[in-house]
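*Asks:* could you look at this predicted model? Sequence included:
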Amino acid sequence: MIRITGHTLSHLHAGRGSPHRKQDRSTILLWDRSRTRYVPGIHFPNREESNVKRRKAALAATTLAIAATVALTGIGTASAAPTPPGDSWDHVWTAKDGTAKLYVEEHGDLISICDTKANGDSAHVHVYVGVNGPLRYTARATGGKGNCSVHSASQGGKYNLPETNQKIYLWFGGDNSSGDTMASFFNDH
């Protein structure tokens, strides 16, 4: 005998052929002697419900595993390079310590710096006009590995570099402790 909330329940019907079970065979009915009737007891999901739940759980686990793999391997940011203008970049340089990559398109003064190493420092480029010229501007690729910063003449002011066959000097890198790499080019040459 089972006593639940003041009622005495004697036997339970759980057999396959029990006329006292619901059609879906998902709830065990218990006999309540004090009320002389069957009352719902324990609910068990039927096979279809269980299969659907298992499939949903398997799909969720698979999706989570794929997302984790993509995040850990960096597949989502496989192309850290910005889209090249026209056919390709005029110049592409990699920092001597491998922490940054610099892209230059002379026409339009397009300069892009990209962070290529997860080291806690932002990739940066310092742009100078002429060998002894003042600093024109500094660009930083914030946000970590795979992020880039792009500036061009269309932004005007300090980003519009002179086109009078002057040499542009670029000091760039992505690790503040290892020093920068120097590159240069003649603008619109």
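*Replies:* It's in.

*Asks:* name the SS class of His126, please.
*Replies:* Here His126 is strand, with the state taken from DSSP: H, G, I helix; E, B strand; the rest coil.

*Asks:* that one contacts Thr181, doesn't it?
*Replies:* No. Judged on Cβ atoms under 8 Å, His126 makes no contact with Thr181 at a distance of 11.1 Å. Yep, even glycine has a C-beta here, placed from its N, CA and C like the rest.

*Asks:* common neighbours of these two, please.
*Replies:* Residues within reach of His126 and of Thr181 at once, by Cβ atoms under 8 Å, 6 or more residues apart in numbering, are Trp171, Phe172.

*Asks:* quick one: buried residues of whatever helix or strand Val92 lives in?
*Replies:* In the assignment (DSSP states H and E), Val92 maps to strand 91-94. If you call a residue buried by 16 or more other Cβ atoms under 10 Å, then strand 91-94 has these buried ones: Trp93.

*Asks:* partners of it in the sheet?
*Replies:* Here strand 91-94 is paired, per DSSP bridges, with strand 100-105 (antiparallel).

*Asks:* dump the strand it pairs with to CSV, restricted to CA.
*Replies:* C-alpha atoms of strand 100-105 as CSV (Å, rounded to 0.1, in the frame of the first residue of the first chain):
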residue,chain,number,x,y,z
ALA,A,100,50.9,42.4,-37.7
LYS,A,101,50.3,42.7,-41.4
LEU,A,102,50.3,45.9,-43.4
TYR,A,103,48.5,46.5,-46.7
VAL,A,104,48.9,49.5,-48.9
GLU,A,105,47.1,50.6,-52.1
